[in-house]
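> Got a sequence here, can you build the structure:
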Amino acid sequence: MTTIAVIFAMRAEAAPLIAELDATKERASLRPTQLYSARQGETKVVIGVNGVDPVHGVDLVGTEPAVLTTMSVIDRWKPDILISAGTAGGWSRAEANIGDVFVAWPHVVRHDRRIGIERFHEYGIGSHPVWNRSNELATALGARLGIVTTSNSLDESDTDREWILSLNGEVKEMEAAAVAWVCSLSDIPFVAVKTITDLVDHPTPTADQFLANLATASHRLSEVLPPAIRWCAESVRSGSH
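Numbers count the residues shown, from 1 in each chain. Here you go, the predicted model:
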């Protein structure tokens, strides 16, 4: 059986797919992590959600929870392909619009891990490659391609903006590079599918845009993920992954 895993940071992002697949909750070895599974014909779909912070009661966004969730999923199921799915910021300069779907290509990077020491500089950025058929997946979904950049902040500093520009970033979010790094340790093909909640270079504050558009972007995500899962599973079964 082919296994496709999907990793989310927020419950609101994951809930539509969990409901659509009628996924069953699974036991998680790490307490905050929430795991679900469903069967779609010859495909097992595993869904990992970062869970809720036990102190503050908020979704566990950011790179550290994403690492825990990804490790939990890989250790237990060893998926054929793993998708980092979620909402993200886009750029008016790249002609992004709220609700647009992006598939990461040709890599994901970090834009806030600046280490000014030889070789550590490259390590800090990361530049983790994505699955080599991600561009074909984007075509199948009618999605856009772009470099996804990751940080642990919802907004960005002037220095972050300079780095994002220098890295040719078109999508900004908080988990993908961490998920990609864990996948690289286990040779698991990595895909990132992101829908736009906010425009980073828009005068409206990022948090206001994000909250206003989270439901819309999450719904759009739920529309594209089932065909993305099917396409990835068919690719695995055809032996072309």
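
> Provide the secondary structure category for the residue nearest to the spatial centre of the chain.
Among the residues of the chain, the smallest C-alpha distance to the mean C-alpha position (C-alpha atoms, centre = their mean) belongs to residue 84, namely 2.9 Å. Per DSSP: H, G, I helix; E, B strand; the rest coil, the secondary structure class of residue 84 is strand.

> start the count at 22, not 1, going forward
In the new numbering, first residue 22, that becomes residue 105.

> quick one: contacts for it?
Counting by C-beta atoms under 8 Å, 6 or more residues apart in numbering, residue 105 touches 28, 87, 125, 196-197, 200-201, 211-214. Just so you know, the C-beta spots here come from the backbone N, C-alpha and C atoms, and that holds for glycine as well.

> Closest to residue 41 out of those?
Relative to residue 41, the closest of the contacts of residue 105 is residue 214; by C-beta to C-beta it sits at 15.2 Å.

> just checking, what packs against the helix or strand encompassing the closest one?
Element membership for residue 214 (DSSP states H and E) is strand 211-220. In terms of contacts (3 or more C-beta pairs under 8 Å, 6 or more residues apart in numbering; DSSP states H and E), strand 211-220 is packed against strand 102-111, strand 122-131, helix 155-162, strand 190-194, helix 197-206, helix 227-258.

> which of these is buried the deepest?
Of the helices and strands packed on strand 211-220, the one with the most neighbours on average (mean count of other C-beta atoms under 10 Å) is strand 102-111, at a mean of 28.

> if I look at residue 80, how far off is residue 219?
Residue 80 sits 16 Å away from residue 219, going by C-beta to C-beta, to the nearest Å.

> Looking at these two, which one has more neighbours?
For residue 80 versus residue 219, the count of surrounding residues by other C-beta atoms under 10 Å is larger for residue 219: 26 against 19.

> Not counting sequence-adjacent ones, nearest residue to that one?
Spatial nearest neighbour of residue 219, chain neighbours left out: residue 230 (3.5 Å); criterion: C-beta to C-beta, 6 or more residues apart in numbering.

> again with residue 119
Sequence neighbours aside, residue 234 is the residue nearest to residue 119 in space, at 5.2 Å (criterion: C-beta to C-beta, 6+ apart).

> wait, what's in contact with that neighbour?
Contacts here follow C-beta under 8 Å, 6+ apart; on that basis residue 234 touches 119-120, 217-219.

> ok, these vs residue 73, which is closest?
The nearest member of the contacts of residue 234 to residue 73, counting by C-beta to C-beta, is residue 218 at 20.0 Å.

> Good, we can wrap up now.
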